[in-house]
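Prediction below, plus the sequence it came from.
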Amino acid sequence: MGLRTIQASGAVDELEVGGRRRLSRIAEVAERLRPRRGIDAEVIVEEMLRHFPHGDTELIRRAYEYAAEAHKVQRRASGGAYIEHPANTAYLLAQLGMDPVAIAAGLLHDVPEDTGFSLDDVRQNFGEEVARLVDGVTKLSRFSGVGAEEQQAENIRKMFLAMAEDLRVVVIKLCDRLHNMRTLHPLPPDKQQRIAKQTLEIYAPLAHRLGIWQVKWELEDLAFKYLEPARYKELAESLATRRAEREKRIKDSMETLSKELSRAGIHAELSGRAKHIYSIWRKMQRKAVDIDEIYDLLAIRVVVDEVPECYAALGVIHTLWPPIPGQFDDYIAVPKPNFYQSLHTAVMGPGGVPLEIQVRTRKMHEVSEMGIAAHYRYKEGSKGDPQYEQKLAWVRALMEWQREVVDAQEFVEGLKLDVFQDQVFVFTPKGEVKELPAGATPIDFAYRIHTDVGHRCIGTKVNGRLVSLDHRLHSGDIVEILTSKSARGPSRDWMSMVKTASAREKIRQWFKRQERDENIAHGRELLEKELKRVAQRSLADLAEGALDELAKEMNLHDEETLLASLGYGAATPAQIVSKLGVTDDTAFAIPESAPPAPPPAKGGVRVKGVTDLLIQFGNCCNPVPGDQIVGYITRGRGVTVHRADCTNVKGSKESERFVEVEWDDRNVRMYPVAIRMTAWDRDGLLRDVANVIADNDVNMLSVSAVANPDRTATINATLQVTSVQQLSRVLAKLEAVRDVFEVNRDGR
C-alpha cells in the first residue's frame with residue numbers, strides 16, 4: 001500500500017494511501033504549483049504541452065523573447081531581472097492548464113504598462129485576442145486629480161469589465177497577483193500591508209468564487225502572513241510541533257479506511273487534506289476556540305470514479321466510525337455556486353479524535369482544485385459550454401449593476417459587500433437557489449429575482465410565514481415575494497434595509513426617475529436635518545451660493561441638482577456637510593460624568609506668525625477641526641483656542657489679546673464631543689451603539705443611558721473625534737442602528 005507526503009507551504013501536510021502507487025494528475029499539479037526558480041520559455045512550453053499536446057509553442061517562445069527584450073533594462077525590487085515576474089505568471093497559467101493564448105498574454109501583461117512598447121505594438125505582433133487579454137489586465141494610466149484609492153478602484157472595475165467578456169483576464173490577474181505576493185518581502189512594510197489587504201479583500205475571494213482553490217488558499221496565507229505576522233508565526237509553529245502526531249493519526253486512519261473500502265469493492269485514492277493557516281485562524285475566530293479545539297485539522301479526502309461510489313463510501317465511513325451530529329453536507333446534490341461538489345462528513349475517529357472526511361469523484365476533485373481554469377482543459381475557451389455560461393452568470397449580473405454606478409470606489413465597496421461577503425443560499429417557491437450576502441433581506445431577494453419584482457414588492461413570506469421586509473434571511477429559507485400591480489414603488493426606508501449594492505442602486509435609480517421636485521424637497525429636508533445634527537445650523541445659515549459652488553465642484557449642474565441627488569440617494573447628507581466645511585458656532589458642553597479634558601497640547605493648531613507657544617483648548621466650547629476658531633492670549637497659560645462664536649470671547653473688549661489661529665492638518669489630535677441619541681428602548685441597544693462606535697475607530701470617553709416612561713431611551717455619550725467630518729460619519733452610522741430615530745451633537 002503506497003504512502004507519500006506532499007509538503008505545501010503554509011498547509012497541513014498531505015498524505016496519500018491508495019490502490020494506485022501514484023498521485024492523481026491534480027495532485028501532481030498541486031505539487032508543481034510551488035514556486036520555481038530559473039523559469040524560461042522552454043520550461044513554460046514544457047508545462048503547457050502537458051495539457052495542450054498540440055498547443056502553439058512558437059507563440060509562447062515569441063512572447064517570451066518579446067517580453068524579455070521590452071523589460072531588459074528593468075529590475076524588480078529584489079534586484080532580479082524583471083522578466084522573472086511575467087515568466088512566473090505565465091508558468092502558473094500553464095500549471096493551471098490555461099491555453100497558449102492566455103499564457104502568451106501572461107508573458108506580455110506588463111509590456112504596455114511598464115515599457116516603451118504600446119498595446120498597438122502587442123496587437124500588431126501577436127494578434128487581437130492576445131492584445132485584448134493584455135488590455136484587460138493592464139492598469140489604467142495615471143491622470144491628474146485622482147488619488148491612489150480612486151485609481152486603484154478604477155483599475156479593479158476595468159478588470160471586471162474585461163472579465164465579463166473573457167474569464168481568462170481574471171485568471172491571468174490572479175496568477176500575476178500570486179507571484180507578486182510570493183515576492184512581496186523586498187517592499188516597504190506599508191506597501192506590503194496595502195497589497196496584502198487588497199489581496200485578502202478582492203483577489204482571494206475572487207479565486208474562491210471562480211473555484212480556483214489552489215490559488216485562493218495561497219493568496220490567503222500570504223496575505224495573512226503580512227497582515228498578522230505574529231499570529232501567522234504562532235499558528236505555523238503550533239502546527240509544526242504537532243506534525244508527527246498528526247501524520248501518524250492520519251496514516252493509521254487512512255490504512256484502516258482503505259482496507260474497509262477494498263472489502264466493500266470500492267476502488268479509491270485516499271489522501272490527507274491540506275488545511276491552510278488562514279482557514280484555521282478564521283475558524284478559531286468564528287468559534288472563539290483554541291487550535292486544539294479545531295477538529296478538522298485531521299482530514300482525509302477520498303476520491304472515487306463515479307457518483308454512486310461516493311455514497312457507498314460514505315456508508316462504509318459511517319459504519320466504521322460514528323458520525324458527529326450536524327456535521328454532514330451534501331454538496332453533490334446541491335453544488336456550491338462555484339460548482340464545487342463533494343460529500344463532507346465528520347466522525348469520531350480512532351482514539352475518539354474528531355476526523356473530517358471528504359468524498360468526491362476525480363472530475364469533482366479537479367474542478368474543486370482548479371475551478372474555472374479546469375474548463376479550458378476540455379473546452380479550450382469555447383463559450384458553448386452551459387456550465388461555463390453558468391459560471392459567468394454572477395459576473396454578468398455584476399456588470400449590469402455597475403453600469404449604473406458612476407463612482408469606481410462605490411463599485412469596489414459594493415463588490416466587497418455584494419459578491420465577496422459570506423453567503424446565504426435561499427430558495428424561491430419553485431425550488432430555485434438564489435445566493436445573497438449574509439444579512440440580506442427579502443428586499444434584496446426581490447431585486448435579485450427582477451427589478452420589477454423589487455419595485456412592486458408589498459410584503460414577503462419566509463418558510464410560509466409573513467415577516468417584515470427587514471427580516472434577515474438564512475440559508476435554506478424559502479422566500480415568497482408578495483407583489484401588487486398598484487404598488488407605488490420602493491420606500492425610501494428600504495435604502496437602509498438592503499444589504500446588496502445592486503438592490504440599493506436599483507432603488508436609487510427608481511427615485512432618480514421620479515418627480516424632480518419631490519427629490520429636491522426630500523434632499524433639502526435631509527440636508528437640513530444633517531446640518532442641525534452635526535453643527536446646530538440650518539440651510540439659511542449657509543453663505544449665499546455655497547451649494548451652487550459645491551454642486552459645480554461635484555460636477556453637478558446647480559444647487560437643485562445637488563439637492564435632487566441627495567433626494568434619490570446618489571449622495572449622502574454626511575458627504576455634503578463634510579464638503580461644505582460647515583462651522584459650528586454653538587458652544588457644547590461635556591457631560592459632568594466625562595473625565596477631565598486632555599492636558600494642554602501644542603499639536604493640532606498653528607498660531608499665525610508665532611512659533612513655540614503653549615496652546616490649550618477652551619473647555620467652555622471644545623472646538624473641533626472644521627470649526628472656525630480664534631486664539632486668546634492668556635496670562636501665563638499661552639494661547640487658548642475657542643470657537644469663533646464662543647460666548648466667553650465673543651463680547652471681549654480686549655481685542656489686542658486675540659490672535660489668528662488655524663487648524664494644523666499635519667498633527668492629528670483627538671477632541672471630545674458630546675452627542676445625544678433617542679431610540680425605542682430594547683435589550684442590546686447600548687451594546688449595538690457601542691459596537692458601531694468601536695467599528696468606526698472612535699473612542700468613547702463616557703456614556704449614560706436613561707429609560708423614559710414612553711418606552712424610549714436617551715443615550716448621552718462623549719466621543720473623541722479628529723474632525724467634524726469624522727463626527728458626521730459616525731452620527732450617520734449611529735442613526736442607522738435599529739430603533740434609533742434621532743442622533744444629534746449635544747448643545748446647550
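Arrived safely, thanks for sending. Numbers count the residues shown, from 1 in each chain.

Ile195 falls within a helix, correct?
Yes: under DSSP: H, G, I helix; E, B strand; the rest coil, Ile195 falls within a helix.

In this structure it contacts His185, no?
No: with contact defined as C-beta atoms under 8 Å, Ile195 does not count as touching His185 (11.6 Å). Any C-beta I mention is one placed from the backbone N, CA and C, and that applies to glycine too.

which of these two has more neighbours?
The neighbour comparison of Ile195 against His185 (other C-beta atoms under 10 Å) goes to Ile195, with 19 against 10.

Can you tell me how far that one is from Asp290?
From Ile195 across to Asp290, the span is 31 Å (C-beta to C-beta, to the nearest Å).

what ranges do the helices span in the stretch 601-748 of the chain?
647-650, 685-695, 724-735 (DSSP state H, counting those that start in this stretch).

Which residues does the shortest one contact?
Helix 647-650 is contacted by residues 587, 618, 620-621, 630, 632, 642, 658 when judged by C-beta atoms under 8 Å, 6 or more residues apart in numbering.

Show me which of these are buried.
Neighbour counting by 16 or more other C-beta atoms under 10 Å classes 587, 618, 621, 630, 632, 642 among those as buried.

Go through those residues and flag which are in strands.
Of the positions in these, 630, 632, 642 sit in strands, assigned by DSSP state E.

can you tell me which of those lies nearest to Arg465?
Closest approach to Arg465 among those (C-beta to C-beta): His642, at 58.7 Å.

And Ser652, how far from Ala236?
Counting by C-beta to C-beta, the gap from Ser652 to Ala236 is 65 Å.

and the closest residue to Asp329 other than its chain neighbours, how many neighbours?
Once flanking residues are discounted, Asp329 sits nearest to His344: 4.3 Å by C-beta to C-beta, 6 or more residues apart in numbering. Neighbour count of His344, defined by other C-beta under 10 Å: 17.

Surely His344 is in a strand?
Yes: His344: assigned to a strand according to three-state DSSP.

mind listing the strands for the stretch 1-150 of the chain?
Using DSSP state E, counting those that start in this stretch, the strands of the stretch 1-150 of the chain run over 4-6, 14-18.

pLDDT below threshold where in the stretch 401-550 of the chain?
401-423, 433, 515, 535 (pLDDT under 70).

at 90 what do you get?
Residue ranges of the stretch 401-550 of the chain with pLDDT under 90: 401-440, 448-452, 456, 462-468, 470, 472-479, 483-493, 495-550.

any idea where the helices of it begin and end?
According to DSSP H, counting those that start in this stretch, the helices that the stretch 401-550 of the chain contains are 408-418, 442-449, 451-455, 494-497, 501-513, 516-535, 546-553.

Deepest-packed of the ones you listed, please.
helix 442-449 (a mean of 25; mean count of other C-beta atoms under 10 Å).

tilt between that helix and helix 501-513?
90 degrees (axes from the mean of the first three to the mean of the last three C-alpha atoms, to 10 degrees).

what are the C-alpha coordinates of helix 442-449, in PDB please?
Output in PDB follows, covering the C-alpha atoms of helix 442-449 (Å, rounded to 0.1, in the frame of the first residue of the first chain):
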ATOM      1  CA  PRO A 442     -36.400  39.900   1.400                       C
ATOM      2  CA  ILE A 443     -36.000  43.200  -0.500                       C
ATOM      3  CA  ASP A 444     -32.500  42.100  -1.700                       C
ATOM      4  CA  PHE A 445     -34.100  38.800  -2.700                       C
ATOM      5  CA  ALA A 446     -36.900  40.500  -4.600                       C
ATOM      6  CA  TYR A 447     -34.400  42.700  -6.600                       C
ATOM      7  CA  ARG A 448     -32.200  39.600  -7.200                       C
ATOM      8  CA  ILE A 449     -35.200  38.000  -9.000                       C
END
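
Point out the other elements, helices or strands, that it touches.
Contacting helix 442-449 under the criterion 3 or more C-beta pairs under 8 Å, 6 or more residues apart in numbering; DSSP states H and E are the following elements: strand 433-437, helix 451-455, strand 457-462, strand 479-483, helix 501-513.

what about 6 Å?
Other helices and strands packing on helix 442-449, by 3 or more C-beta pairs under 6 Å, 6 or more residues apart in numbering; DSSP states H and E, are helix 451-455, strand 479-483, helix 501-513.

between those, which gets nearest to Gly431?
strand 479-483 (11.8 Å).

Buried residues of the closest one, list them for me.
479-481, 483.

Same check on stretch 712-720?
713, 715-719.

Please export the C-alpha coordinates of that stretch as PDB.
Output in PDB follows, covering the C-alpha atoms of stretch 712-720 (Å, rounded to 0.1, in the frame of the first residue of the first chain):
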ATOM      1  CA  THR A 712     -38.000  55.400  24.600                       C
ATOM      2  CA  ALA A 713     -34.400  55.700  25.800                       C
ATOM      3  CA  THR A 714     -32.000  58.600  25.800                       C
ATOM      4  CA  ILE A 715     -28.300  57.900  25.500                       C
ATOM      5  CA  ASN A 716     -25.700  60.600  26.200                       C
ATOM      6  CA  ALA A 717     -22.100  59.900  25.200                       C
ATOM      7  CA  THR A 718     -18.800  61.800  24.800                       C
ATOM      8  CA  LEU A 719     -16.700  60.700  21.800                       C
ATOM      9  CA  GLN A 720     -13.200  61.600  20.800                       C
END
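
what about that stretch, average pLDDT?
Averaging pLDDT along stretch 712-720 gives 89.

Please list the outside residues in contact with that stretch.
590-591, 594, 670, 672-679, 681, 698-707 (C-beta atoms under 6 Å, 6 or more residues apart in numbering).

Of those residues, select the buried ones using a PyMOL command.
PyMOL command restricting the contacts of stretch 712-720 to the buried ones, with burial defined by 16+ other C-beta under 10 Å:
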select buried, resi 590+591+594+670+672+673+674+675+676+677+679+698+701+702+703
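
Of the contacts of stretch 712-720, which belong to strands?
672-679, 699-707.

Could you identify the helix or strand that succeeds the strand or helix carrying Arg231?
Using DSSP states H and E, Arg231 maps to helix 229-241. Later in the chain than helix 229-241, the nearest helix or strand by DSSP H and E is helix 243-263.

can you list contacts of that following helix?
15, 17, 268, 270, 272, 298, 300, 316, 320, 349-350.

That one: what's the following helix or strand?
Defined by DSSP H and E, the subsequent element after helix 243-263 is strand 269-272.

how far does that next one sit from the chain's center?
34 Å (C-alpha atoms, centre = their mean, to the nearest Å).

Check stretch 124-140 too.
28 Å.

With stretch 272-282 instead?
With C-alpha atoms, centre = their mean, you get 20 Å for stretch 272-282.

Let's see that stretch as CSV, backbone CA atoms only.
Extracted in CSV, the C-alpha atoms of stretch 272-282 (Å, rounded to 0.1, in the frame of the first residue of the first chain):
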residue,chain,number,x,y,z
GLY,A,272,-4.6,13.8,3.7
ARG,A,273,-6.5,17.1,3.0
ALA,A,274,-4.5,20.3,3.5
LYS,A,275,-5.9,22.8,5.9
HIS,A,276,-4.2,26.2,5.4
ILE,A,277,-3.2,28.6,8.2
TYR,A,278,-5.6,31.4,7.4
SER,A,279,-8.6,29.0,7.3
ILE,A,280,-7.6,27.6,10.7
TRP,A,281,-7.3,31.1,12.1
ARG,A,282,-10.7,32.2,10.8
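
per-residue confidence averaged over that stretch?
For stretch 272-282, the per-residue pLDDT averages 77.

next one: stretch 355-363
Per-residue scores along stretch 355-363 average to 88.

Next, the buried residues of it.
355-361, 363.

Equivalent analysis for stretch 732-742, please.
Quick answer for stretch 732-742 (16+ other C-beta under 10 Å): 732-735, 737, 740.

Counting neighbours, what do you get for Ala694?
Ala694: 11 neighbours (other C-beta under 10 Å).
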